[in-house]
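**Student:** coords please:
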Amino acid sequence: MILVIGATGKVGRHVVDRLTDLGTHQVRALVRSRESTSAEMPIGVETVEGSLTDPAALDAALADVDTVLLMWPFLTTDAAPAVLDSIGQRARRIVYLSSVGVGTDEERHDPIFAMHAEIEARISRTGLIPTILRSDTIASNTLGWAEQIRATGVVKGPMTAPTAVVDPRDLGAVAASVLTDDAHAGQTHLLTGPQVISRPEQVDAIASALGRPLRFEEVPVADARRQMLADGRPPALVDALLAAAEKRSRSTLITSTIESITGKPASSFEQWATDHATAFR
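**Tutor:** Below is the predicted model of the structure:
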């Protein structure tokens, strides 16, 4: 039995689909609402309603589970000790979706990198057999631009350093492979897309997919912070979202890990944009 935590997210739904396609293991999903997500789950996937902050629901979800896929949904690690203790008492293996920023010099100054590093460290002390998937920026993050694209054709935001953006479908395929194969036990995999791409280049790729002009307009970080706080976003969330613009440097990391695990080359951002063009119309 494999438990997928975060099964309805932008990566988790692809993991569940791939596990279902493989058909080698029973699959269970921890979901916030069974009623609202039942239609999204493939036939044969068991659902348990609850969250990581609901100990009873988590215990129920972990019954008879061998392996857990954990995607951490919080900006802090406050709940991590209790969650990992519960998983460690019941499961044998854990696969954790982390960040390529862990272990870099920027980890100390970036709240998202630091959060993932702490979760990894806590996992190492549980006695669970870990597999760590350190992912670069995920392509589906750009869905947050959809409203601006539809309304004005201009994406406004801070300029972040270019990275090798990853297709969430590739992450799903990798996760499904490692969840079902003990050969990956104890390993850490670095997962990137096939090329380093900037925010303006991502907007250009979406424009090409839509067949209409779009442009990226840089907003100074200080201005973005003031607007986000004025919109009512929590300061911790604002700091986390803007850390990429303030503290991250251009990445040169490109790996072939996705292809080595799945047998298929990593998809480009251009392909992801083409396949998801309707989301921006």
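
**Student:** Leaving out chain neighbours, which residue sits closest to Leu191?
**Tutor:** Spatially, and ignoring its direct neighbours in sequence, Leu191 is nearest to Ser135 (4.8 Å; Cβ to Cβ, 6 or more residues apart in numbering). Glycine gets a C-beta too; all of them are placed from N, C-alpha and C.

**Student:** State the number of residues packed around that neighbour.
**Tutor:** The tally of other residues near Ser135 (other Cβ atoms under 10 Å) stands at 24.

**Student:** so it bridges to which residues?
**Tutor:** With beta bridges defined as DSSP bridges, Ser135 has these partners: Ser99, Leu191.

**Student:** That one contacts Thr188, correct?
**Tutor:** No: Ser135 lies out of contact with Thr188 (Cβ atoms under 8 Å); the separation is 11.6 Å.

**Student:** Roughly how far does Val165 sit from Thr47?
**Tutor:** 31 Å (Cβ to Cβ, to the nearest Å).

**Student:** more crowded one of those two?
**Tutor:** Val165 (29 against 20).

**Student:** thought that one was touching Leu171?
**Tutor:** No: the pair Val165 / Leu171 is not scored as a contact, 11.3 Å apart, by Cβ under 8 Å.

**Student:** Name the residues contacting each of these two.
**Tutor:** Common neighbours of Val165 and Leu171, counting by Cβ atoms under 8 Å, 6 or more residues apart in numbering, are Ile138.

**Student:** So what's the residue count around Thr152?
**Tutor:** The burial count for Thr152: 12, using other Cβ under 10 Å.

**Student:** residues in contact with it?
**Tutor:** By Cβ under 8 Å, 6+ apart, Thr152 has no neighbours at all.

**Student:** Helices along the stretch 101-250 of the chain, start to end?
**Tutor:** 111-124, 146-151, 168-179, 199-210, 221-230, 235-247 (DSSP state H, counting those that start in this stretch).
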